[in-house]
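1. need a structure here:
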Amino acid sequence: MKRQRLYYLMMKPFTKKFFERLYKYGFLLLLLLVVSGMIYLTIKYPREYQDYDINTPPYYSPYPLTDSCITNPEWCYK
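-> Here you go, the predicted structure:
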């Protein structure tokens, strides 16, 4: 086989279209790996992130929580 023919057969799969597909799917695969890794780390180590232990504010009732009905029963039966 001639040298040029051998080189052509070896380089035939590596066309411009092949490299465009390689870049496109390679970028999508890399993006998928990064996003899935971030989701994995978020699930595995949730306390490593800022503001994880935020407590919900207490519920403030509009009615006073006092012993007024016990000390003054006439207030409860108006």
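
2. from here on, just use CA atoms for contacts and neighbour counts.
-> Noted.

3. pull the contacting residues for Arg3.
-> Under the criterion of Cα atoms under 8 Å, 6 or more residues apart in numbering, Arg3 has no contact partners.

4. strands of the chain, residue ranges please.
-> Along the chain, no segments are classed as strands by DSSP state E.

5. for it, longest helix please?
-> Using DSSP state H, we find that the single longest helix of the chain is helix 16-44.

6. let's test this: name the helix or strand in the protein with the lowest mean pLDDT.
-> Ranked by mean pLDDT, DSSP states H and E, the weakest helix or strand in the chain is helix 68-71, scoring a mean of 68.

7. next, count neighbours for Gly26.
-> Neighbourhood size, Gly26 [other Cα atoms under 10 Å]: 13.

8. so it versus Glu74, what's the distance?
-> According to Cα to Cα, to the nearest Å, Gly26 stands 79 Å off from Glu74.

9. any idea how far Phe27 is from Glu74?
-> Counting by Cα to Cα, the gap from Phe27 to Glu74 is 76 Å.

10. for stretch 14-28, what is the average pLDDT?
-> Along stretch 14-28, the predicted confidence averages to a pLDDT of 88.

11. pull the contacting residues for Arg21.
-> Neighbour list for Arg21: empty [criterion: Cα under 8 Å, 6+ apart].

12. quick check: the gap between it and Gly37.
-> Distance, Arg21 to Gly37, using Cα to Cα: 24 Å.

13. and what of Phe27?
-> 15 Å.

14. what does Phe14 give?
-> 31 Å.

15. now for Met38, how many residues are close by?
-> Neighbours of Met38 (other Cα under 10 Å): 12.

16. try the one 5 residues further on
-> Per other Cα under 10 Å, the neighbour tally for Ile43 reads 10.

17. that one and Leu32, how far apart?
-> Distance from Ile43 to Leu32, counting by Cα to Cα: 17 Å.

18. now Pro46
-> Taken as Cα to Cα, the span from Pro46 to Leu32 is 21 Å.

19. check Tyr45 too.
-> 20 Å.

20. the two - which one has more neighbours?
-> Remark: of Tyr45 and Leu32, Leu32 carries more neighbours, 12 against 9, as counted by other Cα under 10 Å.
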